[in-house]
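[1] Provided below are the primary sequence and the corresponding predicted coordinates.
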Number of protein chains: 2
Amino acid sequence: MSVNIKTIAEMAGVSVSTVSKIINNYSDISVETKAKVHEIMKQTGYVPSNSAKTLATKKSSLIGVIFAGKLNIDFTHPFFVEVLNSFKKQMGFLGYDLLFFSNEKSHAVDGDYLARCRHFQVDGCIIVTGQQVEPSISELDHSEIPCIGVDIELKGKSSGYIMSDNYKMSYKVVEHFYLQGYRELGYIGSTLESDISNMREKGYKDAIESFGLPVFDNWFVNGENFFEESGYEAINKMIESGSLPRAIFAASDLIAIGAMRALKEHGFRVPEDVAIIGCDDIEACKYTSPALSTIRQNKDKIGRLAASLLFDLMNTQSVTSNVVVEPELVIRESCGNKLKVQL
Amino acid sequence: MSVNIKTIAEMAGVSVSTVSKIINNYSDISVETKAKVHEIMKQTGYVPSNSAKTLATKKSSLIGVIFAGKLNIDFTHPFFVEVLNSFKKQMGFLGYDLLFFSNEKSHAVDGDYLARCRHFQVDGCIIVTGQQVEPSISELDHSEIPCIGVDIELKGKSSGYIMSDNYKMSYKVVEHFYLQGYRELGYIGSTLESDISNMREKGYKDAIESFGLPVFDNWFVNGENFFEESGYEAINKMIESGSLPRAIFAASDLIAIGAMRALKEHGFRVPEDVAIIGCDDIEACKYTSPALSTIRQNKDKIGRLAASLLFDLMNTQSVTSNVVVEPELVIRESCGNKLKVQL
DNA sequence: TGTTTTGACGAAACCGCTTTCGGAGAAAAA
DNA sequence: TTTTTCTCCGAAAGCGGTTTCGTCAAAACA
């Protein structure tokens, strides 16, 4: 049988409560006792059981991670995965570990995120998704469990969210295109079910108008998701419809990559014939040719902020818990600016 | 107060044991009682506590995920992340959730993986690393906890591992180069602390010799890790040393990408001057120019196999628990074969 | 009719840890 | 010397489940 707190207590000749107090740094224990018990714990390789602790304290020091939505967002998603990586690191410093709920069918409490959270008694959770709020997320959002959303607006009492300024990033793109002399601007978005994409599109249109340019609906097309195929098909759709804009903002880098592929297949050159700016600044941008200009989202910062916001939510009743981070235009080769190319 | 098993029992007018039996599908409960209790559980939204269950049964239905080593392997690693994604999916089907240990300094039981596993009472764990076995991994490996390693040879009684046939993949590369007429072959590996890289190098050298070709030590250089910079610097080192091979096998795609960048900067063309084959088949291969030929590791299969091996380890005393999967040569543009290009 | 088997359920111990409350004894204050 | 104040520690009641074993009535058997 594995060594437990009782074993330690007996070996040290003290009570179980004393050992527990030592583990939890209570002050009413003499240094001698403390030393003796610590010594024994070390010798025996004692490790306290988290389930017993959780059962007693209702704190698990676990953070639930939820990939929500049907957009196939998972570990392989280049943007979220980097955010999550930074989040994990920061949560680690704060003493938490991450629990990834698998959302497979066969599981007991399928899709019911709140139930999963209660089941494991997570202290808080992070929800990543590029999609709108679905019922099971909303339920969790309005529960007592602290949640923070990445790229999804959580409005519950104990929730917060963090996202890039999607409206402003579009403005920056339009501004750049405008200053480079482009007047015929197009946009490739993701599914209409994505708030993110919708915000970007709205910002883009508003910006175009604020520069006094016309908006051609044919040049605004939305794909099914944020992946390559959406961009590929969008270009084909535009071409079928008879005309192509001179510059395109894509709602994700993968969409942009797909679009470039389609353009290339049709004999168009990027950026000479069509300029393109993507969004997210994933790794692959550097490897495409031409290298993809993009809107950089500070994934590291987003992850860190998400962690500290969640930490606050878990430890106080703070209310101001949503943050919008400033996006940054990264100019490479695909957007037609030959003057200042950076890697 | 949240509803617990006692609440349910009282509401249903039965004992706690009866409710527990119903939850766990015991057979000695009448259908009527079962129905009544189920109804009440549904109405109240009852969710059993996993910690209480774990405490009583010593089964947590949690799988620990360990990113081991100092090679900076984490969520952002293109190869492991895909393996993990497939692993997660499969484990989900089997009814398990994933626990990611954060290995940050401030944490209670730092680096001591066995302790973390015991702490959370994970039912098993998966270890991913490109590195050799370190002491804390070895300790876990030889514990009673079922572990399976990806790209790391675990030898413990309750362990298993899965990896690609690193020896054979090198042979395939050499064979391809040979058949294309290349005779001057080089290799760029990762740190010598990586078993994977070492196996590939060994296989590569053996293959070269088996084709009756000479091995030039100057053309074998090892970087610090599996990332881009290692490839970049390796090329520079070769150039400094005075000569370049005509064809290079890189131990990872990122290394290959870095190597291509260095070659380009020095005015060499790929594949006309130097042919390159990478390894892993990460997403980025398709986006480089020229598109990177590579050895594809079946990441999906590796993940699934890892899951089922681990499942077996957890549920039986099976011993045959290591699998080597067959790698596949994917020919794109960087290896000089203009005849059969595939995407 | 008496006996055994079966079906359905409950009592209670246990899993490992936390935390409140109180008590004993020593030290300090009166 | 008596009283008060500390210091250090333990008893015991949870936390929310699981599981063994026993009970008891009804059904099956002889």
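    Happy to help now that I have it.
[2] For chain A, which residues are neighbours of DNA strand D?
    By CB under 7 Å from any atom of the strand, the residues of chain A that approach DNA strand D are A:13-18, A:28-33, A:52, A:55-56. Every C-beta, even on glycine, is put in place using the N, C-alpha and C of the backbone.
[3] Mark which of those residues are buried, thanks.
    Buried members of the residues of chain A next to DNA strand D, scored by 16 or more other CB atoms under 10 Å in any protein chain shown, are A:14, A:18, A:33, A:52, A:55.
[4] which of those residues sit farthest apart?
    Greatest spatial distance among those (CB to CB): A:33 and A:55, at 25.9 Å.
[5] still on that earlier bit, with respect to residue B:323, which of the residues of chain A next to DNA strand D is nearest?
    residue A:52 (36.5 Å).
[6] you'd agree that closest one is in a helix?
    Yes - the assignment for residue A:52 (DSSP: H, G, I helix; E, B strand; the rest coil) places it in a helix.
[7] What distance do you get for the closest residue to it other than its chain neighbours to residue B:64?
    Leaving aside its sequence neighbours, residue A:52 sits nearest to residue B:55 (CB to CB, 6 or more residues apart in numbering or on different chains; 5.4 Å). Residue B:55 is 18 Å from residue B:64, where distance means CB to CB, to the nearest Å.
[8] Check residue A:312 too.
    With CB to CB as the criterion, residue A:312 and residue B:64 are 28 Å apart.
[9] cool, residue A:163 as well?
    31 Å.
[10] Count the neighbours of the residue nearest to residue A:236 when sequence neighbours are not counted for me.
    Closest residue to residue A:236 apart from its sequence neighbours, by CB to CB, 6+ apart: residue A:262 at 5.7 Å. Using other CB atoms under 10 Å in any protein chain shown, residue A:262 has 21 neighbouring residues.
[11] Can the helix or strand hosting the residue nearest to residue A:52 be said to contact DNA strand C?
    If you go by DSSP states H and E, residue B:55 is part of helix B:50-57. Yes - Helix B:50-57 is in contact with DNA strand C by CB under 7 Å from any atom of the strand, via B:52, B:55, B:56.
[12] So what touches that helix?
    When contacts are defined by CB atoms under 8 Å, 6 or more residues apart in numbering or on different chains, helix B:50-57 is touched by residues A:49-52, A:54-55, A:60, A:119-121, B:59-61, B:121.
[13] ranges for the strands of the stretch 101-250 of chain A?
    Remark: strands assigned in the stretch 101-250 of chain A by DSSP state E, counting those that start in this stretch are A:124-128, A:147-150, A:159-164, A:185-189, A:220-222, A:247-250.
[14] Just send those back as JSON lines, with mean neighbour count, distance to residue B:194 and mean pLDDT too.
    Converted to JSON lines, those look like this (neighbours: other CB atoms under 10 Å in any protein chain shown; distance: least, CB to CB, whole Å; pLDDT from 0 to 100):
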{"stretch": "strand A:124-128", "mean neighbour count": "25", "distance to residue B:194": "31", "mean pLDDT": "95"}
{"stretch": "strand A:147-150", "mean neighbour count": "28", "distance to residue B:194": "33", "mean pLDDT": "94"}
{"stretch": "strand A:159-164", "mean neighbour count": "24", "distance to residue B:194": "36", "mean pLDDT": "93"}
{"stretch": "strand A:185-189", "mean neighbour count": "27", "distance to residue B:194": "41", "mean pLDDT": "96"}
{"stretch": "strand A:220-222", "mean neighbour count": "20", "distance to residue B:194": "44", "mean pLDDT": "95"}
{"stretch": "strand A:247-250", "mean neighbour count": "31", "distance to residue B:194": "37", "mean pLDDT": "97"}
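[15] partners of the helix or strand harbouring residue A:279, with directions?
    Counting by DSSP H and E, the element that carries residue A:279 is strand A:275-280. Each strand paired with strand A:275-280, and its direction, by DSSP bridges: strand A:247-250 (parallel), strand A:293-296 (parallel).
[16] Not counting that strand itself, show me its contacts.
    Here strand A:275-280 makes contact (CB under 8 Å, 6+ apart) with A:78-79, A:169, A:173, A:176-177, A:180, A:182, A:200, A:246-257, A:259-260, A:263, A:270, A:285, A:292-297, A:329, A:334-336.
[17] Among those, which are located in helices?
    Here DSSP state H is the test, and those give A:78-79, A:169, A:173, A:176-177, A:200, A:253-257, A:259-260, A:263 as lying in helices.
[18] Among these, which pair sits farthest apart?
    A:78 and A:177 (24.3 Å).
[19] Pull the contacting residues for the closest residue to residue A:255 other than its chain neighbours.
    Once flanking residues are discounted, residue A:255 sits nearest to residue A:231: 3.7 Å by CB to CB, 6+ apart. Applying CB under 8 Å, 6+ apart to residue A:231 gives the contacts A:188, A:223, A:250, A:254, A:255, A:256, A:257, A:258, A:259, A:260, A:261, A:262.
[20] Which two among those residues are spaced furthest apart?
    A:223 and A:260 (14.3 Å).
[21] more neighbours, those two?
    residue A:260 (28 against 25).
[22] how about the nearest residue to that one, chain neighbours excluded?
    In this structure, residue A:260 finds its nearest non-sequential neighbour in residue A:270, 5.3 Å apart by CB to CB, 6+ apart.
[23] so what's the one you found up against?
    Residue A:270 neighbours (CB under 8 Å, 6+ apart): A:260, A:263, A:264, A:276, A:290, A:334.
[24] Buried ones from the residues you listed, can you make that a PyMOL selection?
    PyMOL command restricting these to the buried ones, with burial defined by 16+ other CB under 10 Å:
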select buried, chain A and resi 260+263+276+290+334
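[25] Between the contacts of residue A:270, which sits nearest residue B:242?
    Nearest to residue B:242 among these, with distances taken as CB to CB, is residue A:290, at 33.7 Å.
[26] Tell me how far the residue nearest to residue A:114 when sequence neighbours are not counted lies from residue A:134.
    Excluding the flanking residues, the one nearest residue A:114 by CB to CB, 6+ apart is residue A:140, at 4.5 Å. Using CB to CB, we find residue A:140 at a distance of 10 Å from residue A:134.
[27] The two: who's more crowded?
    residue A:140 (26 against 16).
[28] Which residues are in contact with the more buried one?
    Residues near residue A:140 by CB under 8 Å, 6+ apart: A:66, A:113, A:114, A:117, A:125, A:127, A:147.
[29] Burial check on residue A:209, number of neighbours?
    12.
[30] That one contacts residue A:215, correct?
    Yes - with contact defined as CB atoms under 8 Å, residue A:209 counts as touching residue A:215 (6.6 Å).
[31] what do these two both touch?
    With CB under 8 Å, 6+ apart, residue A:209 and residue A:215 have no common neighbours.
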